[in-house]
Structure formats: C-alpha cells, structure tokens
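Asks: Quick one: sequence plus predicted model below, questions after.
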Amino acid sequence: MPAPSFEEYDNPFIHFGAWMNASEKLDLKEPFAVTLSTVSSSGIPDARVVLMKTFSEMGFRFFTNKKSKKISDLNQNPNVHLLYYWDQLHRQVRINGTVAPLTDADSDIYWRNRSIKSQIASMLSQQSQPIQSSDALYQRVDEYIEENGLEPVKRPEFWGGYNIMPTRFEFWDGGEYRIHKRKVYEQEASGWRISYLAP
C-alpha cells in the first residue's frame with residue numbers, strides 16, 4: 001500500500017511520524033535534532049538545537065538542566081517554537097506550542113535509561129554557567145568516576161523533563177522550481193483545521 005500523499009494526512013501527529021520515520025532511514029547522525037526557540041522576559045529570542053526523541057499526541061518531550069537558559073526563558077514565557085529540518089528530504093516542520101514540566105516519575109524513567117557517563121556529566125554540569133575551559137567538565141567527570149566508580153547515580157532535582165503541547169504545525173515539502181508545498185494544522189476545539197499556503 002503506497003504511503004499517503006502530502007494532502008491525504010488529516011492528523012499532524014501521524015503526518016509528523018511518517019516524516020520522522022523517513023528521516024530515520026537516512027544516514028543522519030541526529031535525526032531527532034530540533035531547533036527549540038524561546039523568548040526571554042525582556043523579549044529577546046533565543047534558539048538552540050536539542051534532542052527530542054519522544055513524541056505522541058500528548059506532546060513532544062525533551063529533558064534538560066532546569067537551571068539552563070532555555071528553562072529560565074520558559075519559566076517566564078511558556079510559548080515555544082520547534083523547527084525540524086531534514087536537508088536530504090528537502091522537508092521542514094515548524095511547530096508552535098506551550099511547555100509544561102513533566103512529573104518526577106517520567107523524568108526518573110528517562111534518567112534511568114541514559115548511559116551512566118551521561119548521568120554523571122549531567123549531575124556535575126552547571127549548565128549555562130561560566131567554566132574555566134571546555135575540558136573542565138571532562139576532568140570533573142573523570143575525577144568523580146575515579147573516586148566513586150562507574151555506577152548509576154540518582155537523578156538530581158535540577159534535571160528533568162518538559163512537554164511541549166503543539167497548537168500549530170506547518171509542514172513544508174520542497175518542490176521543483178521552488179513550487180513548495182505548505183500545509184498547516186491549527187488546533188481548534190473540534191480538532192485540527194487544515195489549510196494550505198503558497199510557497
């Protein structure tokens with residue numbers, strides 16, 4: 001059975017899942033990489049690439065240090081923007097939504113699935129704070145392992161997960177002669193309203 005065409009999807013999560021599956025089949029180092037944009041309390045936008053491996057109709061989840069710059073922004077303004085771009089597929093997805101923290105139980109589950117060295121590095125890193133050099137954290141991790149061994153560590157309170165609940169999707173599919181396809185899903189009380197935009 002052939003895959004649905006661009007127009008045949010009526011659910012943005014199914015549409016996104018199909019495109020993500022296509023990206024995973026490519027030789028990409030990080031198919032789950034996405035640009036997360038926030039706005040500070042003073043109205044200054046900021047963007048960074050994060051990994052967002054889990055998504056469902058309940059939202060898009062990411063995990064981070066709660067003392068990071070992005071969480072400082074999100075505590076002031078919960079509105080965010082996600083941008084996925086897969087060059088080899090000539091596709092991008094733009095997502096608007098609002099963010100909320102996950103439960104401690106959800107954060108614990110994800111934490112336990114991380115590698116031990118990643119756990120240790122996250123526990124020792126004071127994200128977004130000045131450090132002496134780029135090697136300083138590696139040194140702290142090595143010293144910690146030498147003293148305590150390579151054992152799992154408890155999730156620190158300052159590390160956890162967040163969920164982004166989308167309110168708008170725009171799917172962009174590159175075409176010949178710059179005749180690109182643009183499909184928009186906007187959340188309404190009854191579901192998703194679909195529209196198309198000129199390239």
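Replies: Okay, I see it.

Asks: Other residues contacting the helix or strand hosting residue 92?
Replies: Assigned by DSSP states H and E, residue 92 belongs to strand 91-101. With C-beta atoms under 8 Å, 6 or more residues apart in numbering as the test, strand 91-101 has contacts from 16, 19, 59-60, 74, 78-86, 160-174. Where C-beta positions appear, they are placed from N, C-alpha and C, glycine not excepted.

Asks: could you measure the residue most central in space within the chain against residue 199, distance?
Replies: What sits nearest the mean C-alpha location of the chain, by C-alpha atoms, centre = their mean, is residue 52, with 3.5 Å. Residue 52 sits 27 Å away from residue 199, going by C-beta to C-beta, to the nearest Å.

Asks: mind showing which ranges of the chain have poor pLDDT?
Replies: Applying pLDDT under 70 to the chain flags residues 1-5.

Asks: How many residues are close by the nearest residue to residue 16 once chain neighbours are set aside?
Replies: Counting by C-beta to C-beta, 6 or more residues apart in numbering, residue 93 is the residue found nearest to residue 16 once chain neighbours are left out, at 6.1 Å. Using other C-beta atoms under 10 Å, residue 93 is surrounded by 21 other residues.

Asks: Residue 93 pairs with what?
Replies: Beta-bridge partners recorded for residue 93 (DSSP bridges): residue 84, residue 171.

Asks: Where do the helices of the chain begin and end?
Replies: Assigned by DSSP state H, the helices in the chain fall at 12-24, 69-76, 104-112, 116-124, 136-148.

Asks: which stretch among the ones you listed comes nearest residue 185?
Replies: helix 12-24 (4.0 Å; C-beta to C-beta).
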